[in-house]
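Enquirer: here is a sequence with its predicted model. Questions after.
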Amino acid sequence: MKLHVVVFCVALALIDQLARGEEVPEVSIAPTEELVLPEVEFETPSTSWGSPLTLMQWSYGDGADSDGLNRPLESDRPYFTKSASVVGWRLWQLEMGYLYGRESYNGENAFHSFPDAIVRMGMLAEWFEFRVGWTYVDAGRGSDLDGSSDPYVGIKIALTPQDEILPETALLIDTNASLERNDMEPGVDFIYRWRLNDRWSMGGSSEFRRVSLHRRDAAIGFAQTWIFERNFGDALTGYVEWAMLSVDTPPDPDTSQIIDGGLLYLVTDNIQLDASVGYGLDELALDYFVGFGVTFRR
C-alpha cells in the first residue's frame, strides 16, 4: 500500500512539472562495461600418440599434417646419413648405383662396387619400412671385400615429425647376414634432421654395429655423420657431409673419417639421379671415391 502511494505522488509531481512547461531532467544509466579477459596461449600436451606419417610425436607437437600420398621422394643414397623418412605405405623404392674408389693403406688398390641395390617397401603403416639390399665388389684378389656382399635386411621406423626446434627422427635396425660364415653384423642407427627453411636443411646419424673381424672375432663399431643440404630450385639439391667410423679393436680403436659431397636431380616426382665424390681425411680412410646412381619409386 505504501509503495502505491509513493508511485502515485511521483506521477503527480511529473504531471505538475509538465503542466508548467518545465523540462523533465533526463536520467541516464551508464551501460555496464563488459569484462574482457586477456587472451593467454597455454601450450598443452598433445593428446595423440602418433601422427599420420610417424609412430610418435613430440609431447607438445601437433604432428605431421601432410598427405602421405603426396610426400616427396627422399632417397637414402648417395649419403652416409640416411633420410629420416620412410617410403610410405604400399609404395616401394629401388635405389642403385656404381662406386669407384682407391685406397693405399695396404698397398695401392682400386675397387668397383655395383649395383649397390636397396629395395625399400612400405608396409603395415605409413611409418614402417622393410628393406633388402645386395651388391658386388671388385677389389682385387686377396682383398676381404672382393666378391658378392652378404645379404642385407632391415627395417626403418619414422619416429617423430619435426616440431620447431625438435627434429624429424627415424630408427633404422638392420644387419648383414653371412650364410657361409654363419655370422651377422646387426646395427642400430638413430637418424635426425631439421628443415631450417625452404632452402637449407641439416641432420646427422649415430650408429652402433657389431663388426666381424678375422678368426670369427668381433668388435663394436660406432659411426657418426653430419650433413648440410641446399635446394637449388625444385629439382636440384646439393649436399656436403662428414662421416666417421670407429671400431673398438685392441689395443687402439681403428678410426677413419671422410668428407664427401654431391648433387641430386629430380627428373620426375618418382625418378632421381645422383652423383657424389668423397675424400679420406686420415690414413685408414679411402683415398678418394666417385659414384653415381638412380632412384625409382612406384
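Expert: On my side now, so go ahead.
Enquirer: what kind of secondary structure is the nearest residue to residue 160 once chain neighbours are set aside in?
Expert: Leaving out its chain neighbours, the residue that sits closest to residue 160 by Cβ to Cβ, 6 or more residues apart in numbering is residue 169, at 4.9 Å. C-beta coordinates here come from the backbone N, C-alpha and C atoms, glycine included. Classification of residue 169 using DSSP: H, G, I helix; E, B strand; the rest coil returns strand.
Enquirer: so how far is residue 239 from residue 169?
Expert: Separation of residue 169 from residue 239 (Cβ to Cβ, to the nearest Å) stands at 19 Å.
Enquirer: dump the residue contacts of residue 191.
Expert: Each residue near residue 191 by Cβ atoms under 8 Å, 6 or more residues apart in numbering is listed here: 81-84, 169-172, 203-205.
Enquirer: ok, back up a step: which strand residues bridge the residue nearest to residue 160?
Expert: Note on residue 169: beta-bridge partners residue 160, residue 192, judged by DSSP bridges.
Enquirer: same question, residue 268
Expert: Counting by DSSP bridges, residue 268 is bridged to residue 271.
Enquirer: now do it against residue 291, distance only.
Expert: Note on residue 268: its distance to residue 291, by Cβ to Cβ, is 22 Å.
Enquirer: check residue 267 too.
Expert: For residue 267, the distance to residue 291 - Cβ to Cβ - is 18 Å.
Enquirer: more neighbours, the two?
Expert: Neighbour tally, residue 267 and residue 291, criterion other Cβ atoms under 10 Å: the higher count belongs to residue 291, 21 against 11.
Enquirer: so which other helices or strands are in contact with the helix or strand that contains that one?
Expert: In the assignment (DSSP states H and E), residue 291 maps to strand 288-297. Helices and strands touching strand 288-297, by 3 or more Cβ pairs under 8 Å, 6 or more residues apart in numbering; DSSP states H and E, are strand 92-103, strand 109-122, strand 271-280.
Enquirer: partner strands of it, with direction?
Expert: strand 92-103 (antiparallel), strand 271-280 (antiparallel).
Enquirer: now do the shortest one: distance to the chain's middle.
Expert: It refers to strand 271-280. Centroid separation between strand 271-280 and its chain, computed with Cα atoms, centre = their mean, to the nearest Å, is 20 Å.
Enquirer: only the buried residues of that strand, if you could.
Expert: Neighbour-count burial for strand 271-280, counted by 16 or more other Cβ atoms under 10 Å, picks out 272, 274, 276, 278, 280.
Enquirer: nearest spatial neighbour of the third one, chain-adjacent residues omitted?
Expert: Just to be clear, that refers to residue 276. If the residues on either side of it in the chain are set aside, residue 276 comes closest to residue 262, at 3.3 Å by Cβ to Cβ, 6+ apart.
Enquirer: in the contacts of residue 191, which residue is surrounded by the most others?
Expert: That'd be residue 84 among these, by other Cβ under 10 Å, with 28 neighbours.
Enquirer: gap between the residue nearest to residue 276 and residue 231?
Expert: For residue 262, the distance to residue 231 equals 14 Å [Cβ to Cβ].
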